[in-house]
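Visitor: below: sequence and its predicted model.
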Amino acid sequence: MSLVISEGQELRVGDAFISFSNGELLMRDRYHEERLKVRGHPRIVAEPIPPLYIPKRLTDCLVLALKDPLLMKGEDVIRLAAPYELRVVADNVLITRLSPFKVKYTVIGHPAEGEVCRWYPTELVESGGEAYSYVEVVSSFKESTRISGLIVEDANMLPMRSEVKGGLFSVVYGPASASLMNDYLIVEGKGALSRLRILLKVVPGLEFVRGP
Amino acid sequence: MGELINTTRTVSEFEKMFNQIIPYLWVALGIVVTVLIAVALRFWLRRSVKHKLPMDVYNPLEKAVIYTVVIVGVIASLSPLGISLTGLLVAGGFAGIIIGFATQTVVANLFSGLFLYIERPFRIGDPVKVMDYSGIIEDISIMSTRIRGWDGVLVRVPNDKLFNSDIVTYAKGVARRISYEIGISYDSDIDKAIEALKKMLEEHPMVLVNPPCDVLVKDYADSAIVLEVRAWAPTNEWFNTYMDLLKETKKVLDKAGIAIPYPQLDLHVKEEVRLRHLE
């Protein structure tokens, strides 16, 4: 499933803005702006991707840091807000990537030998939130456990499947497990994140069509 | 009888010739054995040691070992010809002393290069500052090291100078701190200036969340209140982030109505000054 942008339409998600009018494609976020004159009739599509490319590809690691730590016990399901980026593609050719969010990085560990990670201040989100992407954590802690956030070692995963449900465009990533270290849940390995869902609110006037 | 004498002489000449050839055969055998040992040793080194060491360390090590074995083996093989290994070593020692004096700098470079290989203060591709040169390490050889300066100029630094110098390696670590000072006028609101600068740091994507950044009052100088901006950036983005912040600092202070003063001097005159009208 893809989000197609036709002549005369605009898409605004957070800081990301795409406009296609009078044969000109304007793509903008808080870090850059691009204009393209469009000839012919290319099929222009915006797709959600993992948040690793804007403004530069520095790391595959993603940290979701809770503003207020969380105490969990027993079987529980929480959803943490997660960032994403948009990839703009014309007839399967990548044009640009845009970030709907402000980008920050952090170092996990010591500055001498730690790891640079994309950093996002997360919070708990309710189900069915609009224009949200989130990570769903299913826990079964026997004792009360303090959770300060989530570290995804390799967030560069391709969507496993996508769907339109209740007016939201949803991308679901493959199953995995996480371990606990220093209050942080650590998810390691490619394709390891458990149920990362990227949900975009449908903008009126835009249509969903089945992708190539 | 004559035939018997001729036959005996022929055998005797053959024995003499054989005795003359034998030492050369021993020499040839010794050299062949030396070469076989060298080949076997190289095979063993490549199989057992090569994967444990970086290529720029392994290659000179292999050459040094193989050449030493071949030279010692060949000299030892020459002993059947009456060429003494001891004599050669003594002669070689004297020659070494003379050559050593004559090529003192070369030898110093060579050993400094070996020590650099062992200590490894930097690697190819590391950004460094050595003596007056600063740039990327492009090549490390046994005699010298080549540094590609930020202006693109290639500098060859002899290893002995390099080894005895202070070496600043910027690439050791994933993050590097940016630190600079900025003066604001005494009429300015310090809290407002600090807030504006902190917001600037927070907005820049490459200023790291952890380690945390900070803006603090460093000094009350003659002409300005000196603020210090401290922030960390990924090592590869350090320079660009530093330049961005320097540029943005002026803009955000201007926007917040904070003045960056020129150096100024107040002159107080105790006695009355009479001005004479000049015609």
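Guide: Sure thing, it's come through.
Visitor: need the residues of chain A near chain B, please.
Guide: Selection of chain A residues close to chain B by Cβ under 8 Å from any Cβ of the partner chain yields A:31, A:55-56, A:58, A:65, A:102-108, A:111-116, A:119. No exception for glycine: its C-beta is placed from N, CA and C like everyone else's.
Visitor: quick check on those: which are buried?
Guide: Using 16 or more other Cβ atoms under 10 Å in any protein chain shown as the burial test, those include A:56, A:58, A:65, A:102-108, A:111, A:114, A:116, A:119 as buried.
Visitor: hey, where'd the strands end up in chain B?
Guide: B:127-130, B:133-140, B:144-149, B:154-158, B:167-169, B:175-184, B:214-220, B:225-234 (DSSP state E).
Visitor: dump these into a markdown table; add distance to residue A:47 as well.
Guide: Below are the strands of chain B laid out as a markdown table (distance: least, Cβ to Cβ, whole Å):
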| stretch | distance to residue A:47 |
| --- | --- |
| strand B:127-130 | 37 |
| strand B:133-140 | 37 |
| strand B:144-149 | 40 |
| strand B:154-158 | 45 |
| strand B:167-169 | 41 |
| strand B:175-184 | 32 |
| strand B:214-220 | 39 |
| strand B:225-234 | 27 |
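Visitor: residue A:41 is nearest to which of those?
Guide: Smallest distance to residue A:41 across those (Cβ to Cβ): 41.6 Å, for strand B:225-234.
Visitor: ok, that closest one: who's next to it in the sheet?
Guide: According to DSSP bridges, strand B:225-234 forms sheet pairs with strand B:175-184 (antiparallel), strand B:214-220 (antiparallel).
Visitor: return the set of buried residues in the shortest one.
Guide: With burial defined by 16+ other Cβ under 10 Å, the residues of strand B:214-220 counted as buried are residue B:215.
Visitor: tell me who's in contact with residue B:124.
Guide: Counting by Cβ atoms under 8 Å, 6 or more residues apart in numbering or on different chains, residue B:124 makes contact with B:56, B:137-140.
Visitor: that one and chain A, how far apart?
Guide: 20 Å (Cβ to the nearest Cβ, to the nearest Å).
Visitor: picking up where we left off before, so which of the residues of chain A next to chain B are in strands?
Guide: Using DSSP E, the residues of chain A next to chain B in strands are A:65, A:104-108, A:115-116, A:119.
Visitor: tell me the contacts of residue B:127?
Guide: B:134-136, B:169-171.
Visitor: before we move on, the earlier item: tabulate the strands paired with strand B:225-234 (JSON lines), appending mean pLDDT and distance to residue A:94.
Guide: Compiled in JSON lines, the strands paired with strand B:225-234 are given as follows (pLDDT from 0 to 100; distance: least, Cβ to Cβ, whole Å):
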{"stretch": "strand B:175-184", "mean pLDDT": "95", "distance to residue A:94": "30"}
{"stretch": "strand B:214-220", "mean pLDDT": "96", "distance to residue A:94": "39"}
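Visitor: now render those strands as TSV, adding distance to residue B:195.
Guide: As requested, those are exported to TSV (distance: least, Cβ to Cβ, whole Å):
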stretch	distance to residue B:195
strand B:175-184	12
strand B:214-220	9
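Visitor: residue B:237: which of those is closest?
Guide: Using Cβ to Cβ as the measure, strand B:175-184 is the one of the strands paired with strand B:225-234 that comes nearest residue B:237, at 9.1 Å.
Visitor: please identify the buried residues of that closest one?
Guide: Neighbour counts using 16+ other Cβ under 10 Å place B:175-176, B:178, B:182-184 of strand B:175-184 among the buried residues.
Visitor: repeat that for stretch B:231-243.
Guide: Across stretch B:231-243, burial judged by 16+ other Cβ under 10 Å covers B:231-238, B:241-242.
Visitor: what of stretch B:141-160?
Guide: For stretch B:141-160, the neighbour count (16+ other Cβ under 10 Å) marks B:142, B:144-148, B:155, B:157-160 as buried.
Visitor: residue nearest the middle of the chain, spatially speaking?
Guide: Defaulting to chain A. residue A:84 (2.0 Å; Cα atoms, centre = their mean).
Visitor: let's do chain B instead
Guide: Note: chain B centre (Cα atoms, centre = their mean) maps to residue B:122, 5.3 Å.
Visitor: for that residue, what are its contacts?
Guide: With contacts defined as Cβ under 8 Å, 6+ apart, residue B:122 is in contact with B:128, B:137, B:140, B:167, B:169, B:171.
Visitor: need phi/psi at it.
Guide: phi -150, psi 170 (degrees, to the nearest 10).
Visitor: excluding its backbone neighbours, what's nearest it?
Guide: residue B:169 (4.9 Å; Cβ to Cβ, 6 or more residues apart in numbering or on different chains).
Visitor: that neighbour contacts residue B:125, correct?
Guide: No: counting by Cβ atoms under 8 Å, residue B:169 does not reach residue B:125; the two are 11.2 Å apart.
Visitor: got any ranges where chain A has weak pLDDT?
Guide: Applying pLDDT under 70 to chain A flags the ranges A:1-2, A:127-134, A:139-140, A:156-179, A:187-212.
Visitor: try it again with 90
Guide: A:1-16, A:40-41, A:45-52, A:60-87, A:91-92, A:100-101, A:108-114, A:122-212 (pLDDT under 90).
Visitor: so which helix or strand takes in residue A:149?
Guide: Residue A:149 belongs to strand A:133-152 when assigned by DSSP states H and E.
Visitor: parallel or antiparallel, list what pairs with that strand.
Guide: With DSSP bridges as the test, strand A:133-152 is paired with strand A:62-81 (antiparallel), strand A:184-187 (parallel), strand A:196-201 (antiparallel).
Visitor: picking that back up, ok, the residue nearest to residue B:122 - contacts?
Guide: B:121-122, B:126-128.
Visitor: near chain A, which residues of the stretch 101-250 of chain B? Just list them.
Guide: Contact residues (Cβ under 8 Å from any Cβ) of the stretch 101-250 of chain B with chain A: B:172-177, B:203, B:205-211, B:232, B:234, B:236-237.
Visitor: could you redo the last one with a cut-off of 10 Å?
Guide: Residues of the stretch 101-250 of chain B lying near chain A by Cβ under 10 Å from any Cβ of the partner chain: B:172-177, B:202-212, B:232-237, B:240.
Visitor: output stretch B:20-40 as CSV, nothing but the C-alphas.
Guide: Provided in CSV are the C-alpha atoms of stretch B:20-40 (Å, rounded to 0.1, in the frame of the first residue of the first chain):
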residue,chain,number,x,y,z
GLN,B,20,86.6,-29.9,-5.2
ILE,B,21,82.9,-30.1,-6.2
ILE,B,22,81.6,-31.4,-2.8
PRO,B,23,81.9,-28.1,-1.0
TYR,B,24,79.9,-26.4,-3.8
LEU,B,25,77.3,-29.2,-3.5
TRP,B,26,77.0,-28.5,0.2
VAL,B,27,76.6,-24.8,-0.5
ALA,B,28,73.9,-25.5,-3.0
LEU,B,29,72.2,-28.0,-0.7
GLY,B,30,72.4,-25.4,2.2
ILE,B,31,70.9,-22.7,0.0
VAL,B,32,68.1,-25.0,-1.2
VAL,B,33,67.4,-26.0,2.4
THR,B,34,67.4,-22.3,3.4
VAL,B,35,64.9,-21.5,0.6
LEU,B,36,62.7,-24.4,1.7
ILE,B,37,62.8,-23.2,5.3
ALA,B,38,61.9,-19.7,4.2
VAL,B,39,59.0,-20.9,2.1
ALA,B,40,57.7,-23.1,4.9
